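Undergrad: need coordinates for the below:
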Amino acid sequence: MVKHLIGLISFISVLCSVSAMALTNVSASIDKNPVMAKESFVLEVIADDDVNNSALDTSVLLRDFIVGRTSVSSQTSMINFDTTKTTRFTTVLIARKPGVFVIPAFNIEGKTTAPITVKVLNASEVKQGNYAKQQNLFITTEVSTKQVYVQQQLTLTVKLHFASDLKRGTLSEPTLEGASITQIGKDKEADTILAGKRYRVIERTYAISPQTSGEFILQAPVFSGEVMMPSARRSNFLSFGESKPVSVVGDDINIEVKAIPTDYQGQWLPSELLSLHQEWQPNTGSFKVGEPITRTITLTAAGLSEEQLPKIEMSLPYGLKVYPDQAQLHTGMNNERLVSQKIKNFAIVASKAGTFELPELVIPWWNTVTNKFQQAKIPAQTITVLPSTESQETSNGTSDTLGQQEALPDNTITPEPATIIIRESSWLQWLFLALWLLTSAAWLISHLINKSKSADNVQGKSKVKNIKQQKAKVSYANGKEAYLALLAACKQNNGELALDLVVTWVNFFPQTNKQLKSIDEVIATLKNDDFAAAIADLQQCYFGKTDTDNNDTWQGNTLLNAIQNIQKTQQANTSRIAFSLNP
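TA: Next up, the predicted model:
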């Protein structure tokens, strides 16, 4: 009996509790009225019961307001066994334009809120009225120009001003249809005073490049966050603070994008200023054969990104070889304008002496200030290449040798290789054969005498210019000594010495009709693809300017193999006697 009585009382208590917690009232309010256009305010809807989180539908506000995220919180309290529940909906709104607007009634589970009339003020009205004192958060936007060409860059400067303490926040990016938008640099922070109020300012700069022509609206970024608000709750020891959600948006900007002129020719480069500049290293005006020359070309453009800058290429006449480096790219701000720069170095090596004319370098572009076609130019110029010191010494040595040969007695005979054809078999052929043998013997004796004199006149090592070290220059009496010295240089990975010894080695070949003085003449004489490729790799290592010192990284194995193959072929050819008998 007692158990049934307790169960009945519990059932009646539950019914009373359910009846007490039923939804009875829904209210709506905003944190300020009037409000300023583009400034946020908070809409708060409170239900006196536990309701579904999706019970509030804010889509009816999208026509007149920018609607932010809605946060939902629930609270339950019990006083003297009296339980109360509250559901709170908080939404951040931003008025799109000035005027008087009505926030309609909301229906939550059969209960409706009262409509709210909101007055939205213009920015000019805010500055003139007392409401300016309440403006603790706002955004200003400024563009470098409102009229641009397709692919011409403009800069957007966004400044967030806040007088309250920010707890957290995010700033979205601006949007423009059919355009690429990139932030330039990092955010800047500063303090300023406006209308007697101190503000903290965060400045951010964007580079915007429209890709299509027409009329567009550049939509300003939106800031969403929370600011600290003083609380009325205080204790004897601590003062508590609460945060409030805030949002603010800047003013939209109308942008006109012009199309590319129909009569424009070449790569499209719209810029306020574009220039070309060159520098020479060494800056002497005259150069020597074999010595690397560095020509630096600098392209500077305002209002263009580094990706839009064209390629810098250089063509040279025969006798000059070029080894280009990878271009260096830089981007920065100068007088609130985006400036991009491309720097490219070219290593030039002359293979022969003479006067060379370098063609002019031309880059067409469109001047967006004058709306005219222009060309940036580096005029054609003439450079003089002098013979190298080694070539002059070789020429002097050749002259001395010729002088010695002229001083020889008249009975010294230097025969030329010849082919004797005997058409009839008779005693004359044996006579000619005997005479040829005597001539060959006389030539051999003369050669041995000259060799002995040359060995006595060999001097010590003389220092010559080298990139990393001083190398020794030695006169070689025959091709075998030059060949062995060349192999040693390749095995030691000494590219500078190998380049010098290649010319000396090939000059000992019997089929070499004249004294060779340059690598290009050697390549033309040998006509060997493997050898030419190995020499090109060596020259690239020594004369192509890179981040690392390639003089220490060149490996001579490839050139060594090519030289050995050529030497084998040469020995096979010289072993045959240039003599034939026809009966």
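Undergrad: so what's residue 505 up against?
TA: Counting by C-beta atoms under 8 Å, 6 or more residues apart in numbering, residue 505 touches 479, 482-483, 486, 563. Using the backbone N, CA and C atoms, a C-beta is placed for each residue, glycine as well.
Undergrad: shouldn't residue 539 be within a strand?
TA: No. Per DSSP: H, G, I helix; E, B strand; the rest coil, residue 539 lies outside any strand segment and is helix.
Undergrad: that one contacts residue 349, correct?
TA: Yes. At 6.7 Å, residue 539 and residue 349 qualify as touching, with contact defined as C-beta atoms under 8 Å.
Undergrad: joint contacts of those two?
TA: 321, 323.
Undergrad: before we move on, back to that, which of the contacts of residue 505 has the most neighbours?
TA: residue 563 (26 neighbours; other C-beta atoms under 10 Å).
Undergrad: from residue 526, how far out is that residue?
TA: 10 Å (C-beta to C-beta, to the nearest Å).
Undergrad: before we move on, the earlier item: just the contacts of residue 505: which are in helices?
TA: Among the contacts of residue 505, the ones falling in helices (DSSP state H) are 479, 482-483, 486, 563.
Undergrad: ok, so of the residues you listed, who is nearest residue 158?
TA: Using C-beta to C-beta, residue 563 comes nearest to residue 158 of these, at 66.2 Å.
Undergrad: which residues sit in contact with that closest one?
TA: 483, 486-487, 490, 502, 505, 531.
Undergrad: can we see that at 7 Å?
TA: 486-487, 490 (C-beta atoms under 7 Å, 6 or more residues apart in numbering).
Undergrad: could you measure it against residue 71, distance?
TA: Taken as C-beta to C-beta, the span from residue 563 to residue 71 is 80 Å.
Undergrad: ok, residue 148 next?
TA: 41 Å.
Undergrad: when those two are compared, which one has more neighbours?
TA: Taking other C-beta under 10 Å, residue 148 and residue 71 do not tie; residue 148 has more neighbours (23 against 12).
Undergrad: and the residue nearest to residue 105 when sequence neighbours are not counted, how many neighbours does it have?
TA: Nearest residue to residue 105 in three dimensions, chain neighbours excluded: residue 112, at 4.7 Å (C-beta to C-beta, 6 or more residues apart in numbering). Using other C-beta under 10 Å, residue 112 has 12 neighbouring residues.
Undergrad: ok, now residue 524?
TA: 11.
Undergrad: redo the contacts of residue 563 as CSV? Include distance to residue 79 and pLDDT.
TA: Formatted as CSV, those follow (distance: C-beta to C-beta, whole Å; pLDDT from 0 to 100):
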residue, distance to residue 79, pLDDT
486, 104, 85
487, 103, 86
490, 98, 87
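Undergrad: and these, which is closest to residue 196?
TA: residue 490 (81.5 Å).
Undergrad: for the helix or strand hosting residue 503, give the mean pLDDT please.
TA: Using DSSP states H and E, residue 503 falls within helix 495-507. Per-residue pLDDT values over helix 495-507 give a mean of 85.
Undergrad: tabulate the CA atom coordinates of that helix in PDB.
TA: These are the backbone C-alpha positions of helix 495-507, laid out as PDB (Å, rounded to 0.1, in the frame of the first residue of the first chain):
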ATOM      1  CA  GLY A 495      89.900  21.300 -66.300                       C
ATOM      2  CA  GLU A 496      91.900  24.500 -66.900                       C
ATOM      3  CA  LEU A 497      95.100  22.600 -67.600                       C
ATOM      4  CA  ALA A 498      93.200  20.100 -69.800                       C
ATOM      5  CA  LEU A 499      91.800  22.900 -72.000                       C
ATOM      6  CA  ASP A 500      95.300  24.300 -72.700                       C
ATOM      7  CA  LEU A 501      96.900  20.800 -73.300                       C
ATOM      8  CA  VAL A 502      94.200  19.800 -75.800                       C
ATOM      9  CA  VAL A 503      95.300  22.400 -78.300                       C
ATOM     10  CA  THR A 504      99.000  21.500 -77.800                       C
ATOM     11  CA  TRP A 505      98.300  17.800 -78.200                       C
ATOM     12  CA  VAL A 506      96.300  18.200 -81.500                       C
ATOM     13  CA  ASN A 507      99.000  20.500 -83.000                       C
END
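Undergrad: with that, I have no additional questions.
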